[in-house]
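[1] fold the following and give me the result.
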Amino acid sequence: MKLYKQAVIVLAITLVAGIILVPADSNARSKGYGRNLEGRQQADSTIVTNLPMQNLSLEEDVGLTKMREEEKLARDVYQTLYDRWQLPIFANIARSEQQHMDAVKALLDKYNRPDPVMDNTIGVFTDPELQDLYTALVNQGQKSLIEALEVGATIEDLDIKDLYDLLEQTDNRDIQTVYQNLAKGSRNHLRAFTSQLLLGDVAYEAQFLTPEQISDIITAPKERGRVDENGIQVGGSSRSGQKHRRSGSQGSSRF
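    Reported below is the predicted structural model:
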């Protein structure tokens, strides 16, 4: 009976994920997904280019290097877990993480800073801590589909916390704008993973943010559109925008 219940939970997650998320198949580009992603990448680069260049502090330099590889960590783990479980949520969010990587790379190029991603191979990192974290997260996510979804939520939890911290350390408008949009995307990803976990009667427990911050994020609606350096939606009032508070409490936005 226990095994039967687990099978039903996995089937429910798979069916719902397949319905509400873009299918991760070889025809995705022909259905418009690939073209839309390329268009967003071009727009992101244009935004970074058009905003003024400001002095780059050591903290900002270190932060950009960190986020470039941290976004790669998310992409690589999700792609690996998709290969294991064939659940569309992992492939779809992996594509989004590639966009996040590209946005940070645009900033590194703008400020003529070296790219830490010297080898774009899945699972290869310059930072030894991220290398170890990749191995640990993949090993955990291989155990069961529920643990794989928990890994996804954990990565987004870490990503949001780090972005909130980095926003406290920068006054460069272009960096703030990218980080705000990255945070928005991460909050949406966290909502996606935790909603899938709830289908299996599993509630995600905060690992890096506070429980209150996690609750505020996952109970809020999905955030749409771009935001500016203050986390305010561009081009109209946001139906679900959550401005980043400098105190480090519940926050802002992403692509």
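
[2] show me the shaky parts of the stretch 101-250 of the chain.
    236-250 (pLDDT under 70).

[3] where along the protein do the helices fall?
    2-20, 33-50, 58-85, 88-110, 128-141, 145-167, 173-199, 211-218 (DSSP state H).

[4] distance to Asn120 and mean neighbour count added to these, as TSV?
    C-beta coordinates here come from the backbone N, C-alpha and C atoms, glycine included. Listed next are the helices of the chain as TSV, based on distance: least, Cβ to Cβ, whole Å; neighbours: other Cβ atoms under 10 Å:
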stretch	distance to Asn120	mean neighbour count
helix 2-20	27	13
helix 33-50	15	14
helix 58-85	8	21
helix 88-110	9	22
helix 128-141	14	16
helix 145-167	18	23
helix 173-199	19	24
helix 211-218	30	17
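
[5] among those, which is nearest Val117?
    helix 58-85 (5.7 Å; Cβ to Cβ).

[6] helices or strands up against that closest one?
    Packed against helix 58-85 by the contact rule (3 or more Cβ pairs under 8 Å, 6 or more residues apart in numbering; DSSP states H and E) you find helix 88-110, helix 128-141, helix 145-167, helix 173-199.

[7] quick one: work out the angle between that helix and helix 88-110.
    On the basis of axes from the mean of the first three to the mean of the last three Cα atoms, to 10 degrees, helix 58-85 is oriented at 150 degrees to helix 88-110.

[8] quick one: distance of helix 58-85 to the chain centre.
    Offset of helix 58-85 from its chain centre (Cα atoms, centre = their mean, to the nearest Å): 9 Å.

[9] got it, and stretch 170-188?
    Worked out by Cα atoms, centre = their mean, stretch 170-188 lies 11 Å from the chain centre.

[10] got a list of what the nearest residue to Gln142 once chain neighbours are set aside touches?
    The shortest distance from Gln142 to any non-neighbouring residue, by Cβ to Cβ, 6 or more residues apart in numbering, is to Arg84 (5.8 Å). Applying Cβ atoms under 8 Å, 6 or more residues apart in numbering, one finds that Arg84 lies in contact with 141-142, 148.

[11] right, and the helices and strands packed on helix 58-85 - which one's nearest Pro116?
    Of the helices and strands packed on helix 58-85, nearest to Pro116 by Cβ to Cβ is helix 88-110, at 8.5 Å.

[12] how long is stretch 218-233 end to end?
    Stretch 218-233 has an end-to-end distance of 19 Å (criterion: Cα to Cα, to the nearest Å).

[13] so which bits of that stretch are buried?
    Neighbour counts over stretch 218-233 (16 or more other Cβ atoms under 10 Å) mark 218, 223, 226-229, 231-233 as buried.

[14] could you dump the contacts of Arg84 into JSON lines and include distance to Glu129?
    Output for the contacts of Arg84, formatted as JSON lines (distance: Cβ to Cβ, whole Å):
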{"residue": "Gly141", "distance to Glu129": "18"}
{"residue": "Gln142", "distance to Glu129": "21"}
{"residue": "Ala148", "distance to Glu129": "22"}
